[in-house]
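K.L.:
can't give you the sequence, but here's the structure:
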């Protein structure tokens, strides 16, 4: 399993657009229903700092996410928006989980 967390801060005026782009990615992932991807995005109380956490069963599953058109568009627009704090990627190790995310 691979776990990736990405944290960044948008400019305030871009935060709403970023949320809409994330919602489109999530809709597309729900329709794709790929069993090796569990992905969430959260917004901090400041209204402009986002935390994405993706769980991939295999390396190939991460490539599936990267190939989703709305995910590519989300990344391109975020980069073009000039975030206050650019995305920082961290690889995490799972210690425990309350349910089995990959049945």
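P.N.:
Structure received. These numbers come from a predicted model, not from an experiment.
K.L.:
Find the helix or strand that the spatially most central residue of the chain is a member of.
P.N.:
Centroid check for the chain by CA atoms, centre = their mean gives residue 52 as the closest residue, at 4.0 Å. Here residue 52, judged by DSSP states H and E, is contained in strand 49-56.
K.L.:
tell me what the helix or strand that that strand is followed by is packed against?
P.N.:
Note on strand 49-56: by DSSP H and E, the next helix or strand toward the C-terminus is helix 59-66. Applying 3 or more CB pairs under 8 Å, 6 or more residues apart in numbering; DSSP states H and E, one finds that helix 59-66 makes contact with strand 2-9, strand 37-43, strand 49-56. Heads up, the C-betas are built off the backbone N, CA and C, glycines and all.
K.L.:
which one of these is the most hemmed in?
P.N.:
Ranked by average neighbour count under the criterion mean count of other CB atoms under 10 Å, the helices and strands packed on helix 59-66 are headed by strand 49-56 at a mean of 18.
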